[in-house]
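Enquirer: sequence unavailable; structure follows:
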């Protein structure tokens, strides 16, 4: 693999305009391959089928995949100048805060007009799908009149005993607070002390897993009572375990972005991929493989019938006005503290 020389790389960093549209060496050599990274499991396979294989066929740019995404690992790559991940899926504030620092700006020629403007946060990322965290329960343990009906039942270990699982990441904080009874309109600023007390209250009944692929494994195995789970992942588990109930009263909704990591050996290929998925028609095939709606402005492709039980947009009557939303402004201002406090309350 041909590498840019140290002198050329230095010139590219100093004279970005001469080396391409915001990319380190975009007009220089390009490795003609990308390493795509997301949160793992079936989402990787869906990205291959829906995006990467068609992209390779149309452009000749090869790809590899990796998971799970870790913000600290991206930062370490850029700091060391040894970037091995090229395209990553990122939580919105993490991506926006790194825009121009650890993530490349989009080529100005990339047409973003097809994307829902609510999800276009910065000059770097491309939105790919909205998502929701819902309360999921084990139907073998709870049935008849004794079933959870609200996210607050997650905290009721007397009426609904058994193990709880959730993702060990800051995206669990808002739904956990909702489960503890915080009103959706009072969710931000996040009450860290209350969240810590909720975790302590659950004690050994709560297991925080390290990645979303683990979430699917535990759901499919049925070795839990309840979960605060991303709804799209529930569909994957339900393919082998039909005993999964979902509660839509009290959900937390967010979305996911895709970014190009700085100091890549494939800067032009990175921009080509961003351009590819910024086109709603080319982004659409992914949603035939995972239970997520599109981030396109005009609602994108219709959600397949088999996925509708797992998509918030198909449960508007059940959700009503009980849904809370990701607060980008708050997270942009407080991201470092959120990460620090979550790490403290979940350590040990």
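Expert: Great, that's in hand. A quick note: this is a predicted structure, and the numbers were derived from the prediction, not measured.
Enquirer: give the contact list for the closest residue to residue 345 other than its chain neighbours.
Expert: Distances taken as CB to CB, 6 or more residues apart in numbering put residue 196 closest to residue 345, at 4.0 Å, once the chain neighbours are dropped. In this view, the C-beta of every residue, glycine as well, is placed from N, C-alpha and C. Contact analysis of residue 196 by CB atoms under 8 Å, 6 or more residues apart in numbering lists 341, 344-345.
Enquirer: turn these into a markdown table, columns for secondary structure.
Expert: Below are those laid out as a markdown table (DSSP: H, G, I helix; E, B strand; the rest coil):
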| residue | secondary structure |
| --- | --- |
| 341 | helix |
| 344 | helix |
| 345 | helix |
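Enquirer: returning to what we had before: specify the local secondary structure of the residue nearest to residue 345.
Expert: When classified by three-state DSSP, residue 196 comes out as helix.
Enquirer: pLDDT score for it?
Expert: We have a pLDDT of 98 for residue 196.
Enquirer: would you mind measuring from residue 149 to residue 310?
Expert: Distance, residue 149 to residue 310, by CB to CB, to the nearest Å: 18 Å.
Enquirer: hang on, I meant residue 208
Expert: Plainly put, residue 208 is 22 Å away from residue 310 if you go by CB to CB.
Enquirer: more neighbours, the two?
Expert: Neighbour count, other CB atoms under 10 Å: between residue 208 and residue 310, residue 310 has more, with 27 against 15.
Enquirer: residues contacting that one?
Expert: Applying CB under 8 Å, 6+ apart, the residues near residue 310 are 231-232, 234-235, 238, 246, 291.
Enquirer: next one: it relative to residue 291, how far apart?
Expert: Plainly put, residue 310 is 4 Å away from residue 291 if you go by CB to CB.
Enquirer: common neighbours of these two, please.
Expert: The overlap between the contact sets of residue 310 and residue 291 (CB under 8 Å, 6+ apart) consists of 231-232, 234-235.
Enquirer: scan those and report the most crowded one.
Expert: Of all the shared contacts of residue 310 and residue 291, residue 232 has the most neighbours under the rule other CB under 10 Å, reaching 25 neighbours.
Enquirer: helix, strand or coil for it?
Expert: Here residue 232 is recorded as helix under three-state DSSP.
Enquirer: was I right about it contacting residue 133?
Expert: No: at 10.4 Å, residue 232 and residue 133 do not qualify as touching, with contact defined as CB atoms under 8 Å.
Enquirer: which helix or strand contains the nearest residue to residue 330 once chain neighbours are set aside?
Expert: Leaving out its chain neighbours, the residue that sits closest to residue 330 by CB to CB, 6+ apart is residue 188, at 4.6 Å. Secondary structure from DSSP states H and E places residue 188 outside every helix and strand.
Enquirer: for residue 188, give me phi and psi.
Expert: The phi/psi pair for residue 188 (degrees, to the nearest 10) reads phi -110, psi 140.
Enquirer: need the pLDDT of it.
Expert: Note for residue 188: predicted pLDDT of 98.
Enquirer: how far away is it from residue 333?
Expert: Separation of residue 188 from residue 333 (CB to CB): 10 Å.
Enquirer: ok, these two, which is more surrounded?
Expert: Each of residue 188 and residue 333 has its neighbours counted (other CB under 10 Å); residue 188 has more, 18 against 14.
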